[in-house]
Structure formats: structure tokens, C-alpha cells
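Participant: Make a model of this:
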Amino acid sequence: MVYLDRYPSTNHKRGKDRKLETKYARKGSAVYAALAATKLHPSADTLFRDLQETYPNISRTTVYANLTKLREDGSVICVGVVDGRERYDANTRPHPHFICDRCGTVLDVEGLPEPPSLDRQAEEKNPIHVSYHELVFRGLCDACAQAEE
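Facilitator: Here you go, the predicted structure:
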């Protein structure tokens, strides 16, 4: 996957441009790989900090730009905004999420049926055409609920 436009092959600095393209593609792939390797639904800043260990020269701008491109091409989704930061998921299949109101943890909710009729019901009762829907539960995660007791 290359996340930057390819340089024209007629460019007289082709060798240098090819090295730049490879460098940016490698960092773009690293952003996706880091996101795909976790179920924590990190923010761009969290991904940036994690990637700095392997890519000390990576910039926040690179991470944000690649996340934007990955969202645009459908490779990642934004789960929601928690404490002012967008949280991302490389799992793009339709599935519900849970967001803890206290600590901001974002979890995949497993084991729920995804009723396809829900989209149809929404269309029947409203003047809309549904492409998809997102389901987010909010409350307290187990750790925060136990701390509250």
C-alpha cells in the first residue's frame, strides 16, 4: 500500500524520488500495521508515541496524514471522539463498540447479532436511505465500575 501519490516516471530525479516514495510508504504501512496489531482503539497521538520507538524520525504530521488517507480509502475507521481525540480501528467490519465514560477505554462489543432489519426499519419510519449504521454503548468498564464500589 502506498499512501502518497506516485512520482511521475519522467522526473529527472527518479532515483531520489523513488527513495522518498519508499520511505513514506514504509511509514504509512507502519501506521496501519500498528493500528491493526492492537484492539485498544488508539488515538493518533498514541500511535505516534508507539511508532517513535521503531521510527524515531516519524512525525505527528506523518501519522495524522496517513490516518486520513487510510480513512479515505476505507482501511480504517474512526470509532468516535474520546476526550477530544479521535480513536481508530483497523477492524472495518460492522461491529459495535463500548466507550467508558470515566477512563476512555474503547472496546469491541462481541456476541451481539447485527440485525440487518435495523437499517430497513429506520428507512421505513423516516425519509432516509441507510448505507450503514454505527452502534456505540457508553457507561463504565469493569475496572472503573469496581473502583466505584
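Participant: Report the contact partners of the residue nearest the centre of the chain.
Facilitator: In the chain, the residue lying closest to the centroid (C-alpha atoms, centre = their mean) is residue 88, at 2.6 Å. Residue 88 makes contacts with 35, 41, 42, 43, 44, 47, 67, 71, 76, 77, 78, 79, as judged by C-beta atoms under 8 Å, 6 or more residues apart in numbering. Heads up, the C-betas are built off the backbone N, CA and C, glycines and all.
Participant: In CSV, list these along with secondary structure and distance to residue 131.
Facilitator: As requested, the contacts of residue 88 are exported to CSV (DSSP: H, G, I helix; E, B strand; the rest coil; distance: C-beta to C-beta, whole Å):
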residue, secondary structure, distance to residue 131
35, helix, 23
41, coil, 22
42, coil, 26
43, strand, 26
44, helix, 25
47, helix, 27
67, helix, 22
71, helix, 16
76, coil, 18
77, strand, 13
78, strand, 16
79, strand, 18
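Participant: Redo the residues you listed as TSV? Include pLDDT.
Facilitator: Compiled in TSV, the contacts of residue 88 are given as follows (pLDDT from 0 to 100):
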residue	pLDDT
35	96
41	97
42	98
43	97
44	97
47	97
67	96
71	94
76	96
77	96
78	95
79	94
